[in-house]
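Trainee: Build me a model:
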Amino acid sequence: MYNVISNYRDNDSLRHSFNELAAKTFGLDFEDWYQNGFWGDNYNPYSIIINGKVVANVSVNKTDMIFHGTVRHFLQLGTVMTDEAYRNQGLIRKIMERIDRDYSQKTDGIYLFANDNVLEFYPRFGFQKSVEYLYSKNVSCTEESCLGKLIMDQPKNWELLITAIERNIFYGRLDMVNNLELIMFYVTKYMQENVYYHKDTDTYIIAEVENENLFIHNVFSSKITDLDTVINFFGKEIKYVTLGFTPVETKDFHVTEYHEDDCTFFIKGKNLEIIEKEHLRIPSLAHA
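Mentor: Prediction:
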């Protein structure tokens, strides 16, 4: 009889075992995120422990979203993994049943992104396939870029971004709130060179630039709410913009169904049906 445990991030032995399995399965390591103080209560692994080691896991991520001025309390399931020696024993099913008991009456909806080899698994727990949408457009800027870069490799720069997030008034139609830790997971690990800032307007932008193409993950500003103003900050070299969120004003954007290879979007709960009905997407930095 295997027991499912959770809320163990401060247990050094179990956390290191969790990291070992994550590294072996996905090439992920959460230790620096923990040591830097960003692993908070929003991310909670549910794991089966055998002989002191994590052998199977499904993590619960609290991802509150604001839509039409109302905060909806969603959960994302992720970091789904089983040690090779313990596969095909129903361990993930056992964890999913525990999560359902713990959260089915405490959330507005649950979503996840599934690999192609498990598409028949999640519907057994009430999940259904859904669709997200991608927004992009051609642009013509006339000015030179007026942005600096904030390299996210030291605490003093982390604090600048954190302050910007706390002061933020810029939002998409569906935007993640109350989850500083997930944003910091990205920028302190994989996007250390992807934070731009405009000093005069106290605006920070997490974005990727490749030649003439700009991908904006998120914007944090204490003064600006207009997206075109933000895009113009990147200068005349940018000809095409794609968004990692749903813009408030959509009329100038080309809208397409968003699909990733080996990644299917599943939802559980009527409140999440707004994603497909309203042509939204889960913000790119809300993926865990």
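Trainee: Can you check which strand is longest in this protein?
Mentor: strand 53-67 (DSSP state E).
Trainee: Next, the angle from whichever helix or strand comes after it to strand 53-67.
Mentor: Moving toward the C-terminus from strand 53-67, the next helix or strand (DSSP states H and E) is strand 70-82. Interaxial angle of strand 70-82 relative to strand 53-67 (axes from the mean of the first three to the mean of the last three CA atoms, to 10 degrees): 160 degrees.
Trainee: ranges for the helices of this protein?
Mentor: 12-26, 31-35, 91-103, 155-167, 180-189, 227-232, 274-277 (DSSP state H).
Trainee: tell me the most buried of those?
Mentor: Compared across those, helix 180-189 shows the largest average neighbour count, a mean of 20 (mean count of other CB atoms under 10 Å). C-betas here are computed from N, CA, C, even on glycine.
Trainee: between that one and strand 70-82, how many degrees?
Mentor: Compare the direction of helix 180-189 with that of strand 70-82 by the same axes, to 10 degrees and you get 50 degrees.
Trainee: could we number from 114 for the rest of this?
Mentor: Fine by me, first position is 114 from now on; the one you just mentioned is helix 293-302.
Trainee: bridging residues for residue 309?
Mentor: Under DSSP bridges, the beta-bridge partners of residue 309 are residue 262, residue 318.
Trainee: Any figure for the gap between it and residue 331?
Mentor: Taking CB to CB, to the nearest Å as the criterion, residue 309 is separated from residue 331 by 11 Å.
Trainee: Need the overlap of contacts for those two.
Mentor: 318, 319 (CB atoms under 8 Å, 6 or more residues apart in numbering).
Trainee: Those two: who's more crowded?
Mentor: Taking residue 309 and residue 331 together and counting by other CB atoms under 10 Å, residue 331 has the greater number of neighbours (26 against 21).
Trainee: gap between stretch 235-251 and the chain center?
Mentor: Its chain's average C-alpha position is 14 Å from that of stretch 235-251, according to CA atoms, centre = their mean, to the nearest Å.
Trainee: For that stretch, give the mean pLDDT please.
Mentor: Mean per-residue pLDDT for stretch 235-251: 96.
Trainee: And that stretch, what's buried?
Mentor: Neighbour-count burial for stretch 235-251, counted by 16 or more other CB atoms under 10 Å, picks out 235, 238, 240, 243, 244, 245, 246, 247, 248, 249, 250.
Trainee: Of the helices of the chain, give the one that comes closest to residue 257.
Mentor: Closest to residue 257 of these is helix 340-345 (CB to CB; 10.5 Å).
Trainee: hey, C-alpha coordinates of stretch 372-385 in PDB?
Mentor: Output in PDB follows, covering the C-alpha atoms of stretch 372-385 (Å, rounded to 0.1, in the frame of the first residue of the first chain):
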ATOM      1  CA  HIS A 372      -0.900  23.800 -30.900                       C
ATOM      2  CA  GLU A 373       2.500  22.600 -29.700                       C
ATOM      3  CA  ASP A 374       4.000  19.300 -30.800                       C
ATOM      4  CA  ASP A 375       3.400  16.500 -28.300                       C
ATOM      5  CA  CYS A 376       1.400  18.700 -26.100                       C
ATOM      6  CA  THR A 377      -2.400  18.600 -25.700                       C
ATOM      7  CA  PHE A 378      -4.400  21.000 -23.600                       C
ATOM      8  CA  PHE A 379      -6.800  19.400 -21.100                       C
ATOM      9  CA  ILE A 380      -9.300  21.100 -18.800                       C
ATOM     10  CA  LYS A 381     -11.700  20.100 -16.000                       C
ATOM     11  CA  GLY A 382     -14.400  22.400 -14.900                       C
ATOM     12  CA  LYS A 383     -16.900  24.700 -16.700                       C
ATOM     13  CA  ASN A 384     -15.000  27.900 -15.700                       C
ATOM     14  CA  LEU A 385     -12.100  26.800 -17.900                       C
END
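Trainee: That's all I had, so thanks and see you.
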